[in-house]
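Peer 1: coords please:
(one chain, ligands or ions: 1)
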Amino acid sequence: MNRQKSFETQQPALYIVATPIGNLQELTPRARAVLEEVDVIAAEDTRNTQKLLTHFGISTHMIAHHKFNEAQSSKGILHLLEEGKSGAIVSDAGYPLISDPGAQLVSEVIDAGYPAVPISGSSAALDALVASGLSPQPFLFYGFLDSGEKQRIRQLLSLKEYPMTLIFYEAPHRIAKMLQNCLDVLGDREMCLARELTKKHEEFLRGRISEVLDMCDSLKGEMVVVMAGYQEEKEPDLTQAMPLIKEHIRRCINEGMTTNEAIRKVAREHGLSKNEVYRQYHGLN
Ligand code: SAM
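Peer 2: Predicted coordinates for the structure are as follows:
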């Protein structure tokens, strides 16, 4: 059990700071203040974050924290917290941890009893979702599908019957293959491709997968794919077919079957639900 009261502690903390995904105006005043005030910033790519810090006139010391040094770097940051210093973690864009490094550090900080405090900001996944025109909830954020086609298809098969709106990140050089796999596995669903969010060339392509696929060879830049969830096919309306179905059931009864046996046989042969045929045959609703 771990209980954190973020605003009632004098303890050193780790701040999880979201940074802009394109438009620098989206760095919040709170994020800027935190980046100025902490003792150290753990950055996915220090050269990239240096540009952000320079733009905002921030001179806080940085250390590298990326997927190849996460274990070792986490130890160093915990050591700083033990010395009474505070830290922030940032990635190249958006929220750290979201398809970016940071999960191990946050988990270790919590385990060690220090606060892990989120500092809100841009998120490509949520920007895409809210402007997609698709059902905003429930949704499932998947991040990147595997880059290998075999594994990607396996992953899509596991999502095929999820009723939630699905959110994927994808690289531009893989988008055509990825959408083709989605079309083959999920069927021609409604989707939205959100490109270059918050930037000058921001664009949304909304339509069926096949329609977006037709256009996506020419698309460049950063992309989020939002896909409608699985929708169960509705039971066919039996009203019109019922006279024929009833006739079929009566013939079976005349041949010696009980009514229930006849209903079961006819429903199976027509690919219909036995309960629905039963209800219609007996005029129940
Ligand atoms: N941590 C980031 C976040 O919170 O969104 C995501 C980092 S992930 C390594 C990079 C992927 O996020 C890109 O390949 C793209 O799919 C998506 N992305 C990031 N910025 C974007 C933008 N401005 N427009 C569209 N997609 C973006």
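Peer 1: got a pLDDT number for the closest residue to E70 other than its chain neighbours?
Peer 2: Nearest residue to E70, sequence neighbours excluded (C-beta to C-beta, 6 or more residues apart in numbering): Q104, at 4.9 Å. Any C-beta I mention is one placed from the backbone N, CA and C, and that applies to glycine too. What the model reports for Q104 is a pLDDT of 96.
Peer 1: now the helix or strand containing Q104: buried residues?
Peer 2: If you go by DSSP states H and E, Q104 is part of helix 103-111. With burial defined by 16 or more other C-beta atoms under 10 Å, the residues of helix 103-111 counted as buried are 105-106, 108-109.
Peer 1: closest to L284 out of these?
Peer 2: Ranked by distance to L284 (C-beta to C-beta), those are led by V106 at 56.0 Å.
Peer 1: quick one: the closest residue in space to that closest one that isn't next to it in sequence from A42, how far?
Peer 2: Nearest non-adjacent residue to V106, counting by C-beta to C-beta, 6+ apart: A116, 5.0 Å away. To A42, A116 is 12 Å away according to C-beta to C-beta, to the nearest Å.
Peer 1: and these two? Which one has more around it.
Peer 2: Using other C-beta atoms under 10 Å, the more surrounded residue of A116 and A42 is A42, with 29 against 19.
Peer 1: touching, that one and H61? I think so.
Peer 2: No - with contact defined as C-beta atoms under 8 Å, A42 does not count as touching H61 (10.4 Å).
Peer 1: okay, the residue in the chain that the ligand sits nearest to: pLDDT?
Peer 2: Here the chain gets closest to the ligand at one residue, G94, 2.4 Å apart by C-beta to the nearest ligand atom. At G94, the pLDDT value in this model is 98.
Peer 1: S218 now?
Peer 2: Looking at S218, the pLDDT reads 85.
Peer 1: re the thing from before, now the closest residue to the residue of the chain closest to the ligand other than its chain neighbours, what's its secondary structure?
Peer 2: Residue nearest to G94 in three dimensions, not counting chain neighbours: I21, with 4.7 Å by C-beta to C-beta, 6+ apart. Of the three states, I21 takes coil according to DSSP: H, G, I helix; E, B strand; the rest coil.
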